[in-house]
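**Student:** Sequence first, then the predicted structure:
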Amino acid sequence: MSRATSEPLVLGIETSCDETGIGVVRGHTLLADAVASSVEEHARFGGVVPEVASRAHLEAMVPTLERACETAGIALTDVDAIAVTSGPGLAGALLVGVAAAKALAISLEKPLYGVNHLAAHVAVDQLEHGALPDPCLALLVSGGHSSLLRVDDVTRSVTPLGATIDDAAGEAFDKVARLLGLPFPGGPHIDRVAREGNAVFFDFPRGLTARKDLERHRFDFSFSGLKTAVARWVEAREASGEPVPVADVAAAFQEAVVDVLTRKAVDAAVDQGIEDILIGGGVAANSRLRFVATERANAKGIRVRVPRPGLCTDNGAMVAALGAEMVARGRAPSALDLPADSSMPVDQILS
Amino acid sequence: MLLAFDTATPFVTVALHDGERVVAEYVSTDSMKHGEMLAPGIAAVLARAEASSRDVTAIAVGVGPGPFTGLRVGLVTARTMALALGIGVYGVCSLDVLAAEAMDAGHDDFLIATDARRKEVYLASYASRHRVGGPEVVKPADVATDQLVIGRGALMYPEAFPNSAGPEHPDAAVLADVVVRERFELLDPDPLYLRRPDAVETAARKAPGGEVPA
Ligand SMILES: [Zn+2]
């Protein structure tokens, strides 16, 4: 048997938020990454509505499974193992994916791995850049998470170094986008608009970077003060009857976020003696973040890995990638009473 | 074999029917644990009948109405198993399952009421072996009646439903029988939510004055 066919064929299911993702991988090779998003159904509510997301997951599950198998050119019966996000995320949304994964495991009589969504954001990079260096430092930034993690073994040793103490970075992007009249989700629109703006036009606050904060929160983030500062600035400008320079505000806001994220990530890597930084999560698609992170890390002799944007946002491929690693490293599968754990801690990788 | 399950109430009920009779049954002991208990329940009935998933030739699932989160566990399980095994899936209104059991106990004209939470019930009415009204979600006081009302929703509101009786929850063994003998209309495996999601639309903020880059 050739090496390619001896590697485990794993199907991954992701439903922690508003994307129904089904991925199929063989070892480190991506075969299919089917995603159905309910984002447009949430747009008019200005954020993800859990019940709307859960209903959409139920409707999308079978069609997305079929699409993933068709793209991968496999039958469900070919699959060696099923992986699913068991947490963290929206409880009702997670439950749909976990139940579907169990239904596949029972029907196909194959092992089931309930895995941590954050570790999956790390593992996905193996599909693009090959085996992860051990250890590596992961910066995960999205609408739901902002974390700095030390990853010694993505299947069983992930240590949180820091996290946001209030809003997630992606949430701040959404809120500021709304303030500037840009569509939801805000990240891609801020990124686009900011390219025409002046990043040093205004110096918005950098949360938890003052000396007194660095003692207790050296690797933690805070974006709530930044969001408020932008809101106050825009409101004052409108009150005075002057036009709001949308591109400049977007650029200056984005610069403040990117500055803090990259500064702390590089500081953490240097502190831990780690030579590889991996950036994941929806905000990792931000072009300015990629640029600044690479520039600052390289200056310290640190390499930066960022999966392509399609693999940074929530998807099933990342879950399949982590599942494949679980199989490859011989980890014990989950039991059929595996719960959906909305607040699964980041250091619990397999449930 | 027909695999039947219902998750429209706080409990999970699973049964395996060989075409002649129910050969294995499972009822969850913990309430509100649909996600944890359904799959082990299915595995348990298959093991008890010394059958494998490949022996399952059709699936019957209660489509509610019921609280959303649990209901979806049953439906996504039914749809996904049907896809993976290449078999058919039949939906049955969960209130019809209770009604079938009431008919087996000799009742003819009655109502079925289950708990819809928020001080409401899911209600349907039956006469001459047919569903003649509902299902709908209503406040007990608005539909108070001296008529026989069966189900958990009847027992919860004795002031509105003085003439109440069990069983409280649908039983998958009866669900299997309903499908095997086509005692009620068989439906697609689509959830009967009967309520819209709770969500408030936020008025779109108008773009602030000044340039809005394309
Ligand atoms: Zn994510």
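**Tutor:** Good, I have the coordinates. As the structure is a prediction and not an experimental result, all values here were calculated from the model. Residues are numbered from 1 along each chain as shown, chains lettered A, B, ... in the order given.
**Student:** what ranges do the helices span in the chain?
**Tutor:** Defaulting to chain A. A:3-6, A:39-43, A:50-72, A:91-108, A:117-123, A:126-129, A:169-179, A:186-194, A:211-217, A:224-239, A:246-272, A:287-299, A:309-312, A:316-328 (DSSP state H).
**Student:** my question was about chain B
**Tutor:** B:34-48, B:68-85, B:94-104, B:152-156, B:172-180.
**Student:** Export these as TSV, with columns for mean neighbour count, mean pLDDT and distance to the ion.
**Tutor:** C-beta here means a position set from N, CA and C on the backbone, and glycine is covered the same way. Shown next, in TSV, are the helices of chain B (neighbours: other Cβ atoms under 10 Å in any protein chain shown; pLDDT from 0 to 100; distance: least, Cβ to the ion, whole Å):
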stretch	mean neighbour count	mean pLDDT	distance to the ion
helix B:34-48	22	97	20
helix B:68-85	25	96	21
helix B:94-104	25	98	35
helix B:152-156	22	97	38
helix B:172-180	25	98	36
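**Student:** What parts of chain A come near the ion?
**Tutor:** A:142, A:314 (Cβ under 5 Å from the ion).
**Student:** got any ranges where chain A has weak pLDDT?
**Tutor:** For chain A, the stretches flagged by pLDDT under 70 are A:1-5.
**Student:** contacting residues for the closest residue to B:V73 other than its chain neighbours?
**Tutor:** Residue nearest to B:V73 in three dimensions, not counting chain neighbours: B:H34, with 4.1 Å by Cβ to Cβ, 6 or more residues apart in numbering or on different chains. Contacts for B:H34 (Cβ atoms under 8 Å, 6 or more residues apart in numbering or on different chains) come out as A:95, A:99, B:7, B:12, B:28, B:69-70, B:73-74.
**Student:** how does it look with 7 Å?
**Tutor:** Shown in contact with B:H34 (Cβ atoms under 7 Å, 6 or more residues apart in numbering or on different chains): B:7, B:12, B:70, B:73.
**Student:** Spell out which residues sit in contact with the third one, please.
**Tutor:** Yep, that's B:G70 we're talking about. By Cβ under 7 Å, 6+ apart, the residues touching B:G70 are B:7-8, B:34.
**Student:** ok, 10 Å please
**Tutor:** A:92, A:95, B:6-12, B:31-35, B:37-38, B:64 (Cβ atoms under 10 Å, 6 or more residues apart in numbering or on different chains).
**Student:** Quick one: buried ones out of these?
**Tutor:** A:92, A:95, B:6-12, B:33-35, B:37-38, B:64 (16 or more other Cβ atoms under 10 Å in any protein chain shown).
**Student:** thinking A:L127 is in contact with A:H28, fair?
**Tutor:** Yes. Using Cβ atoms under 10 Å, A:L127 makes contact with A:H28 at a distance of 6.0 Å.
**Student:** Overlap in contacts, these two.
**Tutor:** A:321, A:324.
**Student:** Find the nearest non-adjacent residue to B:P162, please.
**Tutor:** Closest residue in space to B:P162, ignoring its immediate chain neighbours: B:D146 at 6.4 Å, by Cβ to Cβ, 6+ apart.
**Student:** swap that for A:H121, please
**Tutor:** A:G280 (3.9 Å).
**Student:** For the one you found, name its beta-bridge partners.
**Tutor:** Counting by DSSP bridges, A:G280 forms beta bridges with A:L140.
**Student:** For it, give its distance to B:V149.
**Tutor:** 54 Å (Cβ to Cβ, to the nearest Å).
**Student:** Between the two, tell me which one has more neighbours.
**Tutor:** Shown here are A:G280 and B:V149; by other Cβ atoms under 10 Å in any protein chain shown, A:G280 has more neighbours (29 against 26).
**Student:** residues touching the more buried one, list them.
**Tutor:** Contacts of A:G280 (Cβ under 10 Å, 6+ apart): A:118, A:120-125, A:138-142, A:145, A:147, A:149, A:305-307, A:311-313, A:318.
**Student:** Relative to A:A103, which of the buried ones among the contacts of B:G70 is nearest.
**Tutor:** B:L38 (8.9 Å; Cβ to Cβ).
**Student:** contacting residues for the closest one?
**Tutor:** Contacts of B:L38 (Cβ under 10 Å, 6+ apart): A:99, A:102-103, A:106, A:336-337, B:5-7, B:12-14, B:26, B:28, B:70, B:73-74, B:76-78.
**Student:** Longest strand of chain B, counting residues only.
**Tutor:** strand B:130-138 (DSSP state E).
**Student:** Restrict it to CA atoms and write it as CSV.
**Tutor:** Taking C-alpha atoms only, strand B:130-138 is exported to CSV below (Å, rounded to 0.1, in the frame of the first residue of the first chain):
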residue,chain,number,x,y,z
HIS,B,130,-57.7,11.0,13.5
ARG,B,131,-56.1,14.2,14.4
VAL,B,132,-58.8,16.9,13.9
GLY,B,133,-57.0,20.0,15.2
GLY,B,134,-53.5,21.2,15.9
PRO,B,135,-50.7,20.9,16.7
GLU,B,136,-50.5,24.5,17.9
VAL,B,137,-48.8,26.3,20.8
VAL,B,138,-51.3,27.8,23.2
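**Student:** gap between that strand and the chain center?
**Tutor:** Relative to the centre of its chain, strand B:130-138 is centred 14 Å away, using Cα atoms, centre = their mean, to the nearest Å.
**Student:** now it: mean pLDDT?
**Tutor:** The predicted model gives strand B:130-138 an average pLDDT of 96.
**Student:** What separation is there between A:A120 and A:Q272?
**Tutor:** Applying Cβ to Cβ to A:A120 and A:Q272 gives a distance of 22 Å.
**Student:** Those two: who's more crowded?
**Tutor:** Applying other Cβ under 10 Å to A:A120 and A:Q272 shows that A:A120 carries more neighbours, namely 31 against 16.
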